[in-house]
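Enquirer: Turn this into a model:
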Amino acid sequence: MPMPEKNLNFTSVIWDWNGTLLNDLEFCVQTINKLLAKRKLPLISNGQYREVFSFPVKDYYKKIGFDFSKEDFSIPAQEFINLYNAGVDTCGLQPSARQVIDYFKTKGIRQFILSAMKQDMLEHTIKHQGIFGYFEDIAGLDDHYAVSKIDRGMQLIENAGLNKSETCIIGDTIHDYEVAEELGIRCILIADGHQSKKRLTNKGKVVLDSIGELHTLFRK
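Expert: Got it, this is the predicted structure:
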């Protein structure tokens, strides 16, 4: 079991959005179940979703029963995006998320967001939650289907002039860990988002049960 490190002295954090700051797990499960029901495929529970969700999302769609010999991946992917965008404003932030980003602000820690969400919707959802002003830069994707965050992460680090040794990604999936590895920075994983703690502990060195634990981890 990964053991949390104490008194981390990062000067910059790059947040993932979906599942990390935005509490959209249940909404995502409800949305994908609408697509499954339409195709008369078995529905999935929150727990099952957390065991299979992955990037690229096309692979996860296959795991839960979509047959891309019958329809192109772009069809259910676009259906999901349309339903998600129509209802995402019903989601709130993760418990303690607002307190943690405010705490980081008081400590002078620079904050950014790097997400697989499309740029315009990413900005909309952050503004809707009333926390847009906490972040120096917000980097989403132009690709509808969430292929990679690595290029955007490289741009973010370069544009902000970040010191990699003093920067970490905070996310909720193995993909966030993989992105951090590619970017050459550290990663903290939060196990109350889109993937289970069991899956995360097979990868991440620092895995927390909730975002609220970051207060203690960063306390000086």
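
Enquirer: going forward, measure contacts and count neighbours with C-alpha atoms only.
Expert: OK.

Enquirer: mind listing what's buried in the longest strand seen in the chain?
Expert: The longest strand of the chain (DSSP state E) is strand 110-118. For strand 110-118, the neighbour count (16 or more other Cα atoms under 10 Å) marks Arg110, Gln111, Phe112, Ile113, Leu114, Ser115, Ala116, Met117, Lys118 as buried.

Enquirer: average pLDDT for the helix or strand just after it?
Expert: Downstream of strand 110-118, the next assigned helix or strand under DSSP states H and E is helix 119-128. Rounded to a whole number, the mean pLDDT of helix 119-128 is 96.

Enquirer: which residues touch helix 119-128?
Expert: Residues from elsewhere that reach helix 119-128 (Cα atoms under 8 Å, 6 or more residues apart in numbering): Asn85, Val88, Asp89, Ser115, Phe132, Ile138, Ala139, Gly140, Leu141, Asp142.

Enquirer: ok, of the residues you listed, which come out buried?
Expert: Val88, Ser115, Phe132, Ile138, Ala139, Gly140, Leu141.

Enquirer: can I assume the fifth one is in contact with Asn159?
Expert: No. Ala139 is beyond contact range of Asn159, at 11.1 Å (criterion: Cα atoms under 8 Å).

Enquirer: How many neighbouring residues does Gly133 have?
Expert: Neighbours of Gly133 under the rule other Cα atoms under 10 Å: 9.

Enquirer: Need phi/psi at it.
Expert: Main-chain torsions, Gly133, degrees, to the nearest 10: phi -70, psi -10.

Enquirer: try Arg186
Expert: The phi/psi pair for Arg186 (degrees, to the nearest 10) is phi -80, psi 170.

Enquirer: In contact with it, which residues are there?
Expert: Ser165, Thr167, Cys168, Ile169, Ala180.

Enquirer: OK, contacts around the closest residue to the first one other than its chain neighbours?
Expert: Okay, so that is Ser165. Spatial nearest neighbour of Ser165, chain neighbours left out: Ile185 (6.4 Å); criterion: Cα to Cα, 6 or more residues apart in numbering. Neighbouring residues of Ile185 by Cα under 8 Å, 6+ apart: Lys164, Ser165, Thr167, Cys168, Ile169.

Enquirer: Could you tell me which of the residues you listed belong to strands?
Expert: Per DSSP E, the subset of these in strands is Thr167, Cys168, Ile169.

Enquirer: now, among those residues, which is nearest to Arg152?
Expert: Nearest to Arg152 among the ones in strands among the contacts of Ile185 is Ile169, at 13.1 Å by Cα to Cα.
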